[in-house]
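> could you work out the structure for the sequence below:
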Amino acid sequence: MSVTCVSCHHDIDDAAKLCPYCGADPRSGEKIDTQAILQEVFKPKNTSRSASVIDFARQRQGAVVAIAVVVGFLILAGLYQYAVHRNDTAALAGNGVPITEVTDISDRGEETKPLPMPPLQFAYDGRPQTMRTYIVEPGAAPAPAASTAPPAPPTAR
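Below is the predicted model:
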């Protein structure tokens, strides 16, 4: 269904509260201040720039975190590239020193031979629970004599 606007005489939808051509009420022809209605309905906020940035970040936390991760990754990649480039140029700029000038590796002599095992003396009285092993070094105290008597059984109290 359609209605004819009283003000501009255009045919418009009968559900329209305003004429899309002239902005008047289609039934009475009275002009309505649409700007005042829009400001009343949408009520713009008076906020500072920093508050709007914080509100934007709160509304889009996932995107802000993703961007922060990407920026952090790029910073780390840049630092890595800087360190690699610096190490490459520092290593190539200097003269190489042969290893033979740093240390003499040709005459190692007896240093690399393994040390022999010291002789082991065992005191064994036939029971593995009382077996003792002693490493005897020259000048050390002699090993204690192995006891031949079996230990006394525990007494009940």
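> number of nearby residues for residue 36?
A total of 9 residues lie near residue 36 under the criterion other Cβ atoms under 10 Å. The way it works is simple: take the backbone N, C-alpha and C, and place the C-beta from them, glycine included.
> any idea how far it lies from residue 14?
Relative to residue 14, residue 36 is positioned 25 Å away (Cβ to Cβ, to the nearest Å).
> mind listing the helices for the protein?
Assigned by DSSP state H, the chain shows helices spanning 34-42, 49-59, 61-93, 99-102.
> can you pull the pLDDT of residue 154?
Residue 154 carries a pLDDT value of 62.
> what do you get for the one 3 residues further on?
Residue 157 carries a pLDDT score of 54 in this model.
> re earlier: how about JSON lines for the helices of the chain, with mean pLDDT and distance to residue 18 added?
Compiled in JSON lines, the helices of the chain are given as follows (pLDDT from 0 to 100; distance: least, Cβ to Cβ, whole Å):
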{"stretch": "helix 34-42", "mean pLDDT": "77", "distance to residue 18": "7"}
{"stretch": "helix 49-59", "mean pLDDT": "76", "distance to residue 18": "31"}
{"stretch": "helix 61-93", "mean pLDDT": "87", "distance to residue 18": "38"}
{"stretch": "helix 99-102", "mean pLDDT": "70", "distance to residue 18": "92"}
